[in-house]
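[1] Fold the following, please.
(2 chains)
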Amino acid sequence: MLSHREIEQIEHELAIVPRRSGACIEALRAVQRHRGWISDEAVRDIARFLEMSPDEVDSVATFYNLIYRKPVGRHVILICNSVSCWIMGYEGIRKAIGEKLGIGLGETTKDGCFTLLPNPCLGTCDTAPALMIDEDLHRDLTPGKIDGILERYR
Amino acid sequence: MAIDRPLTERIRPGGEGAAIAAYEKAGGYEALRKALAGMTPQEVTKLVTESNLRGRGGAGFPTGPKWSFVPMGSDAPRPKYLVANADEMEPGTFKDRLLMEEDPHQLIEGMLLAAYAIKADVAYIFLRWEYRLAERRLHRAIAEAVEAGYLGRNILGSGWDLDMFVHISAGRYMCGEETGLLNALEGKRATPRAKPPFPQVSGLWGKPTIVQNVETLCNVPHIIARGAAWYRGLSRSEDSGTKLFGASGKVARPGLWELPMGTTIREILEEHAGGMRDGLRFRGLLPGGASTDFLVEEHLDVKMDFASIARAGSRLGTGTMIVLDDRTCPVGMVQNLEEFFAQESCGWCTPCREGLPWTARLLEAIEEGQGRPEDLERLSVHCKLLGPGNTFCALAPGAVEPLQSALKYFREDFEAHIRQNRCPRRSG
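    The predicted structure follows:
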């Protein structure tokens, strides 16, 4: 069942689209905001509410990299692995995170604190390498800075 | 005072993103007043056509002519839509972020003028989720514009209405493709649509729609305020206006600069980016994002404009260059690029879905020292199979641009990898 808060946020989008399925991405986003990720149950809840089939909703959910179809940690690290960050030392940043947290790309720490995901270009190439943790952008990174940044999210 | 960098003249270091009062004080929304008080939509389109403004998102399509395809008059289909493509996801590109974070009202005014030119009813800003600060500032600016009567019902007493919404994307490079973007706005997977029909006639929800890059739209208020001749005069080439040029990679001062269209690559690299970092040598660059062909030393005096870069064998693209130095492996760089494109292929058409992962794996093998001499020919064949005309949209043809040019300019690097069974730049 969708919660009142979830429904309220989806209704907001429904007001401006001519078909209920037009709110699918916003619905996935709204539910993910509340539940952290999109479970099979969430797919069915959204499908019922938007008068779509669960498969249709799932086809949208699995297309977009910022919709999570698996549980993620309390903090999601989006590390830019595109070309400018690659030139400026993405590999070293990824390794530093791996050493500190013991996780690779697509993995979550055992304590459920961090998930590490690769992300296409974050659009801050003049301050590469860069990553985001939740809504915060961290730029001009060096492997030495990673420890201190991650500690702030513990 | 002569204004030579209209897009960024109001931006101050550490500025808080020009609130409406500051924007109006600097002449903001004057172009909108001028258009609504004394110009027909057709006259706005005509002026933009005369300015020779071309799209700044990568493809370079002439802006005014694009608007002129939209059905006008009382029997035109409604509602009509204007969409700002703010899904800046071309790797190496970071220009629209600045425009939205530091001067959001400039974009809103540009959207208003474009929307008026096609008599749109609804406008969307299609913004990537990662641009959190831009989202906050755009929301605030839209609220201010509604409050001031620039958005909503009967704008400035003209009888024309426009609503503006921000759509936050859920990711994927394909959303930057015009028709993929429209599918995403309709809540679907961002796969491309067949053209024709073109979005100008049948776009969002089957209604006439214009999709325009952020930087392109930001030029429009200045063209309306100061005229086409002034705008053409800003440039040093046949393409008019200024352009946000950028440089990333191992240059001394990576950054973003608004310069006349037609500024040479050398001037951007040496004067603005400060040349290469100490001890490094320039080897090549992608002039306008990941999906443009490499240019090399012999091209340094080429002008950054659509025609000159095309003559040199590449594309102006987004105008933000990615620089390759002599200690970075060109094979590794192209591998990174092709892995990106393979990952971002939407899977809709076969050459792209199957060909790009194959290409990326061949490059990985070469970089890891497992390449064979015949692999280079195989890569060249893929560049043709994935090229223009064989795929649904421009993703795969864009993906092979850096690859085909790397095979041409950095051939000896590829051959050395295969001969030595390792990456010569990697230690151990």
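
[2] Which strand residues bridge residue A:107?
    Bridge pairing for residue A:107 (DSSP bridges) gives the partners residue A:116.

[3] State the distance from it to residue B:72.
    Distance from residue A:107 to residue B:72, counting by C-beta to C-beta, to the nearest Å: 55 Å. Every residue, glycine included, has its C-beta placed from N, CA and C.

[4] Outline the domain layout of chain A.
    As recorded under automatic domain parsing, the domains making up chain A are A:4-63, A:75-151.

[5] okay, residue B:15: pLDDT?
    Note for residue B:15: predicted pLDDT of 72.

[6] Now it: closest residue in space, sequence neighbours ignored.
    Counting by C-beta to C-beta, 6 or more residues apart in numbering or on different chains, residue B:15 lies nearest to residue B:102, which is 5.8 Å off, once chain neighbours are set aside.

[7] Could you dump the domains of chain A into JSON lines and include mean pLDDT and mean neighbour count?
    What follows is the domains of chain A, written out as JSON lines (pLDDT from 0 to 100; neighbours: other C-beta atoms under 10 Å in any protein chain shown):
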{"stretch": "domain A:4-63", "mean pLDDT": "97", "mean neighbour count": "18"}
{"stretch": "domain A:75-151", "mean pLDDT": "98", "mean neighbour count": "19"}
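
[8] For residue B:421, find the nearest of the ones you listed.
    domain A:75-151 (21.2 Å; C-beta to C-beta).

[9] how about residue B:388, phi and psi?
    phi -60, psi 140 (degrees, to the nearest 10).

[10] Which strand or helix spans the closest residue to it other than its chain neighbours?
    Among residues not flanking residue B:388 along the chain, residue B:397 sits closest, at 4.6 Å (C-beta to C-beta, 6+ apart). Following DSSP states H and E, one finds residue B:397 within helix B:395-409.

[11] Would you mind measuring from the closest residue in space to residue B:53 that isn't next to it in sequence to chain A?
    Take residue B:53 and drop its neighbours on the chain: the residue closest to it by C-beta to C-beta, 6+ apart is residue B:63, 4.4 Å away. The spacing between residue B:63 and chain A, counted by C-beta to the nearest C-beta, to the nearest Å, is 23 Å.

[12] What residues of stretch B:197-212 count as buried?
    B:198-200, B:202-205, B:207-212 (16 or more other C-beta atoms under 10 Å in any protein chain shown).

[13] can you pull out the strands in the chain?
    If you meant another chain, say so; for now it's chain A. Under the criterion DSSP state E, strands of chain A are mapped to A:75-80, A:107-108, A:114-119, A:131-133, A:136-138.

[14] Hmm, no, I was thinking of chain B.
    B:81-86, B:122-127, B:163-168, B:209-213, B:242-249, B:255-260, B:282-286, B:320-325.

[15] on contacts alone, who are the packing partners of the longest one?
    The reference is to strand B:242-249. Other helices and strands packing on strand B:242-249, by 3 or more C-beta pairs under 8 Å, 6 or more residues apart in numbering or on different chains; DSSP states H and E, are helix A:83-88, helix B:95-102, strand B:255-260, strand B:320-325.

[16] Could you rerun that using 10 Å?
    Packed against strand B:242-249 by the contact rule (3 or more C-beta pairs under 10 Å, 6 or more residues apart in numbering or on different chains; DSSP states H and E) you find helix A:83-88, helix B:95-102, helix B:214-226, strand B:255-260, strand B:282-286, strand B:320-325.

[17] Kindly calculate the angle that it makes with helix B:95-102.
    For strand B:242-249 against helix B:95-102, the angle by axes from the mean of the first three to the mean of the last three C-alpha atoms, to 10 degrees is 110 degrees.

[18] picking up where we left off before, tell me the mean pLDDT for the helix holding residue B:397?
    pLDDT averaged over helix B:395-409 gives 98.

[19] For that helix, buried residues please.
    Quick answer for helix B:395-409 (16+ other C-beta under 10 Å): B:395-407, B:409.

[20] if I pick residue 17, what's in contact with it?
    You didn't say which chain, so I picked chain A. A:23-24, A:26, B:185-187, B:204-205 (C-beta atoms under 10 Å, 6 or more residues apart in numbering or on different chains).

[21] looking at chain B here, not the other one
    Residues in contact with residue B:17 (C-beta under 10 Å, 6+ apart) are B:11, B:23, B:100-105, B:133-134, B:136-138, B:140-141.

[22] Contact partners for residue 147?
    Answering for chain A, as no chain was given. Here residue A:147 is in contact with A:96-97, A:99-100 (criterion: C-beta under 10 Å, 6+ apart).

[23] wrong one, chain B
    residue B:20.

[24] what pLDDT does it get?
    97.

[25] now residue B:427
    So, for residue B:427, pLDDT stands at 65.

[26] Give me the distance between residue B:294 and residue B:249.
    Residue B:294 is 12 Å from residue B:249, by C-beta to C-beta.

[27] Let me fix that, I meant to ask about residue A:90.
    13 Å.

[28] repeat for residue B:181
    28 Å.

[29] Equivalent analysis for residue A:86, please.
    Where residue B:249 is concerned, residue A:86 sits at a distance of 10 Å (C-beta to C-beta).

[30] Can you work out which residues contact both of those two?
    What both residue A:86 and residue B:249 touch, as defined by C-beta under 10 Å, 6+ apart, is the set A:128, B:322, B:328, B:333.

[31] For the stretch 201-350 of chain B, what lies in contact range of chain A?
    The stretch 201-350 of chain B comes close to chain A at residues B:204-207, B:246-251, B:253-256, B:273, B:286, B:289-290, B:320-325, B:328-329, B:332-337, B:339-340, B:343-344, B:346-347, as judged by C-beta under 10 Å from any C-beta of the partner chain.

[32] Which residues are in contact with the residue nearest the centre of chain A?
    Closest residue to the average C-alpha location of chain A: residue A:66 at 4.1 Å, with C-alpha atoms, centre = their mean. By C-beta under 10 Å, 6+ apart, residue A:66 lies in contact with A:25, A:28-29, A:32, A:76, A:78, A:117, A:119, B:128-130, B:168-172.

[33] how does it look with 8 Å?
    B:129, B:169-171 (C-beta atoms under 8 Å, 6 or more residues apart in numbering or on different chains).

[34] Ok, residue B:260 next?
    B:4, B:234-237, B:242-243.
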